[in-house]
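> Sequence first, then the predicted structure:
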Amino acid sequence: MLLAIDVGNTQIKLAVFEQNNIKIKKIVSLSSWKIEVQNILDFNDLIDNIVVSSVGHLDENEFNNITSKAKLNFITANSKFPFINSYTTPSTLGADRMVLAAGATLLFPNKNRLVIDAGTCVTYDFVDSDNVYHGGAISPGIKLRYESLHNYTAKLPLLSPEYPDEIIGISTLQSIHSGIINGIIFEIDGFISSIMNNNDNFIIILTGGDAEFLAKRLKNTIFANPNFLLESLNQTFQYNQND
């Protein structure tokens with residue numbers, strides 16, 4: 001069995017895999033992750049490997065001495081991936097984006113793939129049908145947009161995400177919701193449409209913490225899977241083991 005650990009900017013996702021099936025899944029804070037990982041290991045003696053992808057504040061040293069029962073595996077820029085990386089600055093490409101691209105490549109062969117990860121940031125990653133990774137885009141996520149309006153203005157309140165009733169907000173609160181939620185939906189739909197105009201045989205994968213919130217409002221046909229990064233981490237580990 002495999003314990004997959006995805007260290008993000010604001011939270012850590014844990015999943016125990018038996019082959020390709022998720023048996024346990026948890027989302028934990030940066031302050032409690034070691035306790036949660038230890039609890040999972042204590043009650044699952046069959047876990048013999050741990051795979052870690054980190055774009056957050058935890059590096060490899062944080063995982064030293066966490067266990068002697070399972071082998072630690074870190075996905076980095078030096079890991080093997082099932083695509084040709086044509087990114088001009090590969091050393092700055094986040095491990096999460098590489099893992100997502102690897103998962104899309106392995107799980108959807110012979111297709112053009114666009115992976116959209118709607119989390120703290122919204123990231124877009126494009127891998128073509130010849131398994132060439134081209135890059136993508138990065139923009140602020142929903143929470144960051146709400147926080148930015150509040151933190152960088154004098155009077156706008158900090159709101160929780162909410163679907164706007166109309167495009168035209170008839171109050172300040174409705175205007176904030178419309179600007180942020182409709183703005184990000186228009187952005188994603190526009191990015192998808194622009195890519196699809198130049199590529200056929202296409203699949204769009206939407207993942208991340210805000211995937212389900214956004215999926216209902218997007219015009220384009222997508223495959224929404226909030227667990228796709230964890231599943232891709234499992235697939236990337238298997239690829240490195242079998243290569």
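Good, I have the coordinates.
> who does the strand or helix carrying Thr123 touch, helix- and strand-wise?
Assigned by DSSP states H and E, Thr123 belongs to strand 121-127. For strand 121-127, the elements it packs on are helix 95-107, strand 112-118, strand 132-140, helix 183-196, judged by 3 or more Cβ pairs under 8 Å, 6 or more residues apart in numbering; DSSP states H and E. Every C-beta, even on glycine, is put in place using the N, C-alpha and C of the backbone.
> any chance of the ones you listed in a markdown table, with mean neighbour count and distance to Phe237 too?
Output for the helices and strands packed on strand 121-127, formatted as a markdown table (neighbours: other Cβ atoms under 10 Å; distance: least, Cβ to Cβ, whole Å):
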| stretch | mean neighbour count | distance to Phe237 |
| --- | --- | --- |
| helix 95-107 | 25 | 9 |
| strand 112-118 | 25 | 18 |
| strand 132-140 | 17 | 18 |
| helix 183-196 | 16 | 28 |
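> Could you dump the ones you listed into JSON lines and include mean pLDDT and distance to Asp165?
Shown next, in JSON lines, are the helices and strands packed on strand 121-127 (pLDDT from 0 to 100; distance: least, Cβ to Cβ, whole Å):
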{"stretch": "helix 95-107", "mean pLDDT": "96", "distance to Asp165": "33"}
{"stretch": "strand 112-118", "mean pLDDT": "96", "distance to Asp165": "22"}
{"stretch": "strand 132-140", "mean pLDDT": "97", "distance to Asp165": "23"}
{"stretch": "helix 183-196", "mean pLDDT": "94", "distance to Asp165": "14"}
